[in-house]
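>>> just coords:
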Ligand code: TRP
């Protein structure tokens with residue numbers, strides 16, 4: 001056993017400082033690689049298959065929109081083959097109750113369609129509807145060690161978020177499940193924030209170890225590719241109170257809100273006691289955050305907006321932001337309202353995506369069985 005997971009043992013022995021500088025170095029490598037991939041996509045997107053996904057735990061908000069949806073749209077429109085996963089099984093990694101799952105999934109798909117994810121070009125599917133994807137968990141679990149999972153930063157963070165409750169086996173192994181999400185369709189491109197880099201590394205490790213342990217169907221190529229991260233420039237938007245944006249804090253603006261609801265939330269947004277508006281992220285993070293969002297909406301430099309508002313103060317800034325944000329979201333909201341009039345449509349899109357995902361997953365599982373000698 002030990003020799004099969006030897007890279008695990010090596011990194012466990014590495015000192016903290018060494019690990020930190022290795023992380024720094026690997027982050028820089030990932031950033032460089034992302035830039036190279038972007039150039040390649042611009043030249044020829046045909047060699048890429050991208051997978052992204054979200055947990056259906058709440059409604060999508062402007063943090064999702066500016067942080068990841070816009071990037072997905074850009075890649076979809078650039079011609080990259082795209083799969084979008086509704087990670088419904090992941091909902092039960094860190095919570096006991098699934099909640100109103102069906103409504104949430106429907107709402108998530110509606111949000112996707114409203115922002116412009118095009119089901120003709122992009123496959124939208126749900127975990128739970130693709131049995132062969134989930135079956136990959138078995139061989140993949142045989143390729144990782146428990147200590148490696150306990151050390152995974154995403155698992156650690158998730159575990160902390162459970163507030164000391166015991167950790168489920170699914171939470172412990174969720175990076176392996178994510179590896180299955182990525183590998184079932186042989187995605188070679190996964191847009192992520194830098195906090196998600198460890199799970200991509202885990203995915204590459206699983207792919208490599210599968211090849212080493214179980215072999216190949218075609219002697220020239222491993223069954224699974226090495227998936228690469230495409231680091232999103234991650235316009236890190238904060239909530240309206242200047243802290244991390246999260247639904248549970250009520251500091252978000254959801255895509256589905258009305259213009260009036262948006263105005264109301266923005267009215268309560270935190271600024272500071274200094275009247276004159278300046279763009280100063282280091283010393284005035286709340287004001288800078290509002291200016292950043294306004295800049296993204298109006299496609300303008302936040303500093304220029306600050307200059308223009310100047311003496312208008314927090315009130316002037318909020319008024320401007322309300323205007324440009326509502327304007328930016330208006331077409332998305334109109335499309336969303338239209339989609340809501342026919343709620344079956346979102347589910348029909350999902351069902352068709354599930355079918356496509358199943359065809360891909362079945363083919364991959366067949367290869368996996370062949371590589372493992374499980375053909376009877
Ligand atoms: N973990 C992601 C989230 O919480 C969702 C997700 C599941 C995902 N599987 C994935 C993202 C695979 C990228 C690749 O939003």
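On my side now, so go ahead. None of these values were measured; they are calculated from a predicted model.
>>> any regions of the chain where pLDDT drops low?
Within the chain, the stretches with pLDDT under 70 are 1-22, 233-235.
>>> and the protein, which residues reach the ligand?
Within the chain, the positions near the ligand by Cβ under 6 Å from any ligand atom are 51-55, 85, 87, 90, 178, 181-182, 190. Every residue, glycine included, has its C-beta placed from N, CA and C.
>>> and which of those is nearest residue 294?
residue 54 (25.3 Å; Cβ to Cβ).
>>> ok, now which ones touch that closest one?
By Cβ atoms under 8 Å, 6 or more residues apart in numbering, the contact set of residue 54 is 60, 64, 84-87, 108.
>>> next: residue 285.
Contacts of residue 285 by Cβ under 8 Å, 6+ apart are 238, 242.
>>> measure it to the ligand for me?
25 Å (Cβ to the nearest ligand atom, to the nearest Å).
>>> next step: the contacts of residue 54 restricted to strands.
84-86 (DSSP state E).
>>> wait, residue 200 touches residue 226, no?
No. Proximity of residue 200 to residue 226 does not meet the contact threshold set by Cβ atoms under 8 Å, at 9.6 Å.
>>> so these two - more neighbours on which side?
The residue with more neighbours, out of residue 200 and residue 226, is residue 200; 21 against 13, by other Cβ atoms under 10 Å.
>>> chain neighbours aside, what residue packs nearest to the more buried one?
residue 229 (4.8 Å; Cβ to Cβ, 6 or more residues apart in numbering).
>>> did I read that right, that neighbour in a strand?
Yes. According to DSSP: H, G, I helix; E, B strand; the rest coil, residue 229 belongs to a strand.
>>> could you give the bridge partners of it?
residue 190 (DSSP bridges).
>>> surely it touches residue 29?
No. With contacts counted by Cβ under 8 Å, residue 229 stays clear of residue 29, the gap being 10.1 Å.
>>> between these two, point out the one with more neighbours.
residue 229 (23 against 10).
>>> spit out the contact partners of that one.
Per Cβ under 8 Å, 6+ apart, neighbours of residue 229: 30, 33-34, 190-192, 196-197, 200.
>>> can you list which of these are found in strands?
When DSSP E is applied, the contacts of residue 229 are split such that 190-192 fall in strands.
>>> looking at these, spot the one nearest the ligand.
For the ones in strands among the contacts of residue 229, the minimum distance to the ligand (Cβ to the nearest ligand atom) is 5.2 Å, reached by residue 190.
>>> tell me how many other residues surround the closest one.
Counted with other Cβ under 10 Å, residue 190 comes out at 21.
>>> wait, doesn't it sit right on residue 51?
Yes. Using Cβ under 8 Å, residue 190 makes contact with residue 51 at a distance of 5.8 Å.
>>> now do the shared contacts for these two.
Common neighbours of residue 190 and residue 51 (criterion: Cβ under 8 Å, 6+ apart): residue 182.
>>> picking up where we left off before, buried subset of the contacts of residue 229 as a PyMOL selection?
If you want just the buried ones from the contacts of residue 229 in PyMOL, going by 16 or more other Cβ atoms under 10 Å, the selection is:
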select buried, resi 30+34+190+191+192+196+197+200
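>>> now for the contacts of residue 229, which pair is the farthest apart?
By the measure Cβ to Cβ, 33 and 196 form the most distant pair in those, at 14.6 Å.
>>> who touches the helix or strand hosting residue 140?
Secondary structure assignment for residue 140, by DSSP states H and E: helix 137-141. With Cβ under 8 Å, 6+ apart as the contact definition, helix 137-141 has outside contacts at 173, 176-177, 179-180, 183, 206, 210, 214, 368, 372.
>>> next: stretch 306-314.
So stretch 306-314 is in contact with 271-272, 275-279, 287, 291, 316-317, 319-320, going by Cβ under 8 Å, 6+ apart.
>>> how does it look with 6 Å?
271, 275-279, 291, 316-317 (Cβ atoms under 6 Å, 6 or more residues apart in numbering).
>>> out of these, who's nearest the ligand?
Checking those against the ligand with Cβ to the nearest ligand atom, the nearest one is residue 291 at 27.1 Å.
>>> for the closest one, pull up the helix or strand it's in.
Using DSSP H and E, residue 291 sits within helix 285-298.
>>> off-centre distance for that helix?
22 Å (Cα atoms, centre = their mean, to the nearest Å).
>>> which parts of the helix or strand just after that helix are buried?
Later in the chain than helix 285-298, the nearest helix or strand by DSSP H and E is helix 302-309. Within helix 302-309, the residues scored as buried using 16+ other Cβ under 10 Å are 302, 305-306, 309.
>>> cool, and stretch 225-235?
Quick answer for stretch 225-235 (16+ other Cβ under 10 Å): 225, 227-232, 235.
>>> ok, so of these, who is nearest residue 248?
Relative to residue 248, the closest of the buried residues of stretch 225-235 is residue 235; by Cβ to Cβ it sits at 21.7 Å.
>>> in which helix or strand does residue 242 reside?
With elements delineated by DSSP H and E, residue 242 resides in a region that no helix or strand encompasses.
>>> what does residue 123 give?
Under the criterion of DSSP H and E, residue 123 resides in strand 122-126.
>>> what's the end-to-end length of stretch 251-269?
8 Å (Cα to Cα, to the nearest Å).
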